[in-house]
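> build me a structure from this.
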Amino acid sequence: MQMVPTLTAYGSHAWCVRFAERADEAAFRRGRSLAAALARSLESLGSSGLREIIPAPTTLLLDFHREAQPLDQATLQQLVEQAIAQPATSEPERCVEIPVHYGGPDLERVARQSGLSPEAVIERHHQGRYRVLCLGFAPGFPYLGGLDASLATPRLATPRPRVPAGSVAIGGDHTGIYSIPSPGGWNIIGQTSTALFDPHTADLEKMFGLRAGDRVRFVPVNGPPDSVRRRAFTKVSRRGPDDDRPGESNRLSGGRARFANPGTGSRDEPSGHRSARLPALRRANERDDGSGHRRLGQSPAG
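Numbering: from 1, shown residues only. Model prediction:
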C-alpha cells in the first residue's frame, strides 16, 4: 500500500513532500510523476512563486521565491493529493553500459554475506538492470536501485579513508560507482575506468556521466582495470516505464551514433536536498532529446 504524501515546512519558503518510505524503482517512478504533475499544477496557479522542484529518492523539495506570497499547507496538501492521483507518465530512457573489471577487496565479504561464490556474485551483479535513483554524496556518484536482494551487504564498520575513483561497490541494498577519490564504506567488488565526473568543464550538461533516471548495465571485461579503455555506451530507448523485458536494454533505437563528453547529471542526495539547481519545469519534465546514441568519454576521473 502506497503511503499518503506528507508535507513538512523547510523554513518559510520551502516544503518537503515525502511520498515513499523506501528508495526503489516504484518510488522513483512515483516521484517523477508527482514532480511533473505538481509543476503543472503550480504553474497553472500563475502566482505560486515556485522556484524549483528538487527530487530525492523518497522526497521532493518545493522551493518558492522569497518575494512570493507563500501557499498555505492546506492548499499545497490538496495539490499534492491531486497530483499523486494522476496516471504515471512515460519517458524515453537512456541505457548506459559500464565496463567493469570484477574483483576487489570486498568481493569475498559480499560472497560470504550472500552465501554465494565470488563467481556467482559477479554473475548476479552484472546481470542486473539498474536505475540511477539519484546522484549524491560526491559529485556524479550514482545511487543505483535494482540490486539483486541476495547481494545486499552492510557497509563496512570502518570506512576507508580513500576509495579510488571508478570503484564499483555495494552498500546495503544499493550499488554504485565512486566518481572521485573519496572516503567510503561501501563494499568494493570491481573497477571501471569510465569517468563519471569531469571537473574541468564549465558546461553542466557535460559535467556528469550519468543522470537520474538512466538505466545502467555492467559489462564484465578481462585484463587489469587500467587496461580497460572501452567507452561507456549510451543508448536511447523508446520503451515505457513498465516495459522491463529482458534484453531490451541492449536494443539500439534509430539514430546516428556520435561521440560526446559525459552528459547531464543531477546532484540530488538521498539524505537531503543539496543539489544542482535547475528550473522547476525542466527538472520535473526532464526528457532526453532522443537525437541518437552517444558514447561517454573515458578520461580518468579525480
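
> for residue 76, give me phi and psi.
Main-chain torsions, residue 76, degrees, to the nearest 10: phi -60, psi -40.

> that one: neighbour count?
Residues near residue 76, counting by other Cβ atoms under 10 Å, number 21. Every residue, glycine included, has its C-beta placed from N, CA and C.

> same question for residue 143.
For residue 143, the count of nearby residues is 24 (other Cβ under 10 Å).

> neighbours around the closest residue to it other than its chain neighbours, how many?
Leaving aside its chain neighbours, residue 143 sits nearest to residue 133 (4.9 Å; criterion: Cβ to Cβ, 6 or more residues apart in numbering). Using other Cβ under 10 Å, residue 133 has 27 other residues around it.

> quick check, residue 133 in contact with residue 146.
No - Residue 133 lies out of contact with residue 146 (Cβ atoms under 8 Å); the separation is 9.1 Å.

> how is this protein carved up into domains?
6-84, 93-296 (automatic domain parsing).

> now the weakest link among those domains, please, by mean pLDDT.
With a mean of 73, domain 93-296 has the lowest mean pLDDT of the domains of the chain.

> tell me the secondary structure for residue 80?
helix (DSSP: H, G, I helix; E, B strand; the rest coil).

> and for residue 51, the neighbour number?
Residue 51 - counted by other Cβ under 10 Å - has 17 other residues nearby.

> can you name the helix or strand that it falls in?
In this structure, residue 51 sits in strand 50-55 according to DSSP states H and E.

> one more: residue 22?
If you go by DSSP H and E, residue 22 is not part of any helix or strand.

> that one contacts residue 28, correct?
No - between residue 22 and residue 28 there is no contact under Cβ under 8 Å: 10.7 Å.

> these two: which is more packed in?
Under the criterion of other Cβ under 10 Å, the comparison of residue 22 against residue 28 puts residue 28 first, with 23 against 11.

> chain neighbours aside, what residue packs nearest to the more buried one?
Spatial nearest neighbour of residue 28, excluding adjacent residues (Cβ to Cβ, 6+ apart): residue 133 at 5.4 Å.

> next one: residue 67
Using Cβ to Cβ, 6+ apart, the closest residue to residue 67 is residue 49 (7.4 Å).

> and the end-to-end length of stretch 7-17?
Using Cα to Cα, to the nearest Å, one end of stretch 7-17 lies 5 Å from the other.

> ok so, going back, close enough to count as contact, the residue nearest to residue 67 and residue 43?
No - counting by Cβ under 8 Å, residue 49 does not reach residue 43; the two are 11.0 Å apart.

> which one of those two is surrounded by more residues?
Remark: of residue 49 and residue 43, residue 49 carries more neighbours, 17 against 13, as counted by other Cβ under 10 Å.

> all helices of this protein, in order?
25-45, 73-84, 107-114, 118-127, 204-207, 280-284 (DSSP state H).

> of all the ones you listed, which one is nearest residue 188?
Counting by Cβ to Cβ, residue 188 lies closest to helix 107-114 out of the helices of the chain; the figure is 7.8 Å.

> so what touches the closest one?
For helix 107-114, contacts defined as Cβ atoms under 8 Å, 6 or more residues apart in numbering pick out 117-118, 120-122, 150-154, 170, 187-190.
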